[in-house]
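S.K.: Just need the structure, nothing else, for what follows:
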Amino acid sequence: MLKRCLALFLGAALLAAAPAPAPDNGASALDALAAHYWQRELQSSYYLRIEIGKPIETIRAVTYENASADAAFAQQIQSGLKAIDAAKLDHDRWLTYRTLQYLTGSDVANERYFWLVQQATPYAGGSQIAQIANVFSSFAFANAADATRYESLLHQYAAFVKSLGDLLKGQHERGIILPNAESEPSAAVFASYGKISRGDSLVPAQSRLTALSAADASALRASSTTIANTEIAPAFDAVAAYLKGPYRVGAPAGVGLAQYPGGLDYYRYLVFASTTIHVEPETLHETGVEQVAAINGKLDGIRKQVGFHGNLAAFKHYLATDPRFFLKTTQQFGDRLEMYVGRAAAAVPRYFLRTPKAPYGVEPLPKELAASQTFGYYDPPTAVKAYGHYLYNAWHPERTSDLGAGALICHELIPGHHFQIAAQQENTSLPDVRHYDFSEVGFVEGWGEYASQLCWDMGVYTTPYDKAGRLMQDLMVSTRLVVDTGMNAMGWSRERAIAFMRENLTFSEAQIESETLRYSTDIPGQALGYKTGELTMLQLRDHARKELGAKFDIRQFHAWVLDSGAMTLDTLREHIDYEIAKAKSG
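M.R.: Numbers count the residues shown, from 1 in each chain. Below you'll find the model as predicted:
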């Protein structure tokens, strides 16, 4: 009895001495939701699997059923989020909470606006098709099972293309029809891929099949040829024929989302999806008009500084056409870009506490892609390529101005996209759902524009013409604010948008025509995040400087922006306030 009482006493004493477990405050539940969402994304996204080096198994068709399934799953995650008190989460998990809110909100909206989303147009459809083509061109064969998987993906590719045709028919039934000016280039994209599919682009070369037996390799090449010619190419041809024929019945004369049933509501959603702040299109339009006027004023100041005799319009024409701004060879253009890379790199230690480990540089775009890429693009590090580079398109140097080369490098490479994207990829402390999330256009492209503006302070733009190049880039993104909101929300005709762009930019007529279609019928809203993100980050920097006074460190500010990965601009505002409060109390 004594032993039993002593044991009970000692047990109670030990329990009293043991520290109480720390309250979970919803952390484990949030972690589980984030992991659950990530696993589903990893299963369904071929683009994500390419990025991290996972084998591709699925190319999803574009169907309302798939959109509904995604929305239903997202709503389950949202229900879990509602059961968590976000105010009790630690700050890093709060950022994850906000990321899940944004991502699941996008999934739900994709079902709500399914029939309004254009996915068979030159940019929206063409980019998807190009990404899928990359799945096949980069496919690695290690065994016979890979051959079977390759054949399955070819069948799925055909089903994907067919689903785009079905989408167009469903949109037509609902009165959501592209104007003929857009359906024409859309048809050309599909007709082109029909021809390409009949070639050998989808048939793996023998040199890629050395891991297979001779019989298996021969069988795969034969089956790939058959599927490409009897399923994939005919699917492309059918979409092209529909776009050229029956689809055009009832086509509108005008452009813009507001002309469609539910279109204005959808556009207001796109404003948030791109900018990731709650703002009205009318406000963005006004901001664009103000920015265009201010930038024109700065350009006029440079005109006077360099002693140009002529008005601002003549000065812009000079900037766009004078031979001094055009180099002789593709290599010379690359060397010019490298010069600006060197200038930016020299200034980086004064502006950044941390930089990505991944190396970076510039390379010419593959020549076969030159016709389809107007400028070039930043190619980030991947699982099989541990460096980031800007692929520049200067295969026709006589038509490629180097006026904006410095601004371009600062946006696309350093301290722009490479610093943001590669740093996020290298930050293994982030949960997967944030580690690989670059969907917040306002943050990603906003950082690119902020970085291009930052290079002004960093000393990258040393001549009046360097500065004019940056201003012309700024004028382009600001003009897009005006014409995108104008055509989609404010009743602007395409002709009015063309006139506005012609008045303010030095684009060719072909470029202006393409741009006005791009932002009124293809990917409306996408252009709004660039300038909005830049302005938001500049405002936050001014806010932090004012709040911290002598404690303000621009290197620390940039770490605050970049170290936690991409996020909505609404979230970034609260995140910076959190960091400011910490700095004040430290």
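
S.K.: Every contact and neighbour count from this point should use C-alpha atoms.
M.R.: OK.

S.K.: give me every residue that touches Leu312.
M.R.: Leu299, Asp300, Arg303 (C-alpha atoms under 8 Å, 6 or more residues apart in numbering).

S.K.: Tell me the one of those nearest His91?
M.R.: Leu299 (43.0 Å; C-alpha to C-alpha).

S.K.: Distance-wise, check that closest one relative to Glu574.
M.R.: Distance of Leu299 to Glu574, computed by C-alpha to C-alpha, to the nearest Å: 35 Å.

S.K.: neighbour-wise, which of those two wins?
M.R.: Leu299 (23 against 12; other C-alpha atoms under 10 Å).

S.K.: Now that one: closest residue in space, sequence neighbours ignored.
M.R.: Distance criterion C-alpha to C-alpha, 6 or more residues apart in numbering; nearest residue to Leu299, sequence neighbours excluded, is Ala468 at 6.4 Å.

S.K.: tell me which element Tyr193 is part of?
M.R.: Per DSSP states H and E: Tyr193 is located in helix 180-197.

S.K.: Show me the contact partners of that helix.
M.R.: Counting by C-alpha under 8 Å, 6+ apart, 120-122, 126, 228-229, 232-237, 239-241, 243-244, 248, 251-253, 517, 521 sit against helix 180-197.

S.K.: CA atoms only for it - export them in PDB, please.
M.R.: C-alpha atoms of helix 180-197 as PDB (Å, rounded to 0.1, in the frame of the first residue of the first chain):
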ATOM      1  CA  ASN A 180     -12.400  37.800 -86.200                       C
ATOM      2  CA  ALA A 181      -9.200  39.900 -85.800                       C
ATOM      3  CA  GLU A 182      -8.200  37.500 -82.900                       C
ATOM      4  CA  SER A 183      -9.700  34.200 -84.200                       C
ATOM      5  CA  GLU A 184      -7.500  34.600 -87.400                       C
ATOM      6  CA  PRO A 185      -4.100  34.400 -85.600                       C
ATOM      7  CA  SER A 186      -5.500  31.800 -83.200                       C
ATOM      8  CA  ALA A 187      -6.400  29.600 -86.200                       C
ATOM      9  CA  ALA A 188      -2.900  30.100 -87.500                       C
ATOM     10  CA  VAL A 189      -1.300  28.900 -84.300                       C
ATOM     11  CA  PHE A 190      -3.300  25.600 -84.400                       C
ATOM     12  CA  ALA A 191      -2.700  25.100 -88.200                       C
ATOM     13  CA  SER A 192       1.000  25.600 -87.600                       C
ATOM     14  CA  TYR A 193       1.100  23.000 -84.800                       C
ATOM     15  CA  GLY A 194      -0.800  20.600 -87.000                       C
ATOM     16  CA  LYS A 195       2.000  20.800 -89.600                       C
ATOM     17  CA  ILE A 196       4.600  20.500 -86.900                       C
ATOM     18  CA  SER A 197       2.900  17.400 -85.500                       C
END
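
S.K.: contacts for whichever helix or strand comes after that helix?
M.R.: With elements assigned by DSSP H and E, the helix or strand that comes after helix 180-197 is helix 214-227. Contacts with helix 214-227, where a contact means C-alpha under 8 Å, 6+ apart, come from 144, 147, 151, 154-155, 198, 200, 202-206, 209.

S.K.: From the chain's centroid, how far away is helix 214-227?
M.R.: Remark: helix 214-227 is offset 36 Å from the chain centroid, using C-alpha atoms, centre = their mean, to the nearest Å.

S.K.: returning to that earlier point: any chance of the contacts of helix 214-227 in JSON lines, plus distance to Arg494?
M.R.: Converted to JSON lines, the contacts of helix 214-227 look like this (distance: C-alpha to C-alpha, whole Å):
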{"residue": "Ala144", "distance to Arg494": "53"}
{"residue": "Ala147", "distance to Arg494": "49"}
{"residue": "Glu151", "distance to Arg494": "44"}
{"residue": "Leu154", "distance to Arg494": "39"}
{"residue": "His155", "distance to Arg494": "39"}
{"residue": "Arg198", "distance to Arg494": "37"}
{"residue": "Asp200", "distance to Arg494": "40"}
{"residue": "Leu202", "distance to Arg494": "39"}
{"residue": "Val203", "distance to Arg494": "42"}
{"residue": "Pro204", "distance to Arg494": "44"}
{"residue": "Ala205", "distance to Arg494": "46"}
{"residue": "Gln206", "distance to Arg494": "50"}
{"residue": "Leu209", "distance to Arg494": "51"}
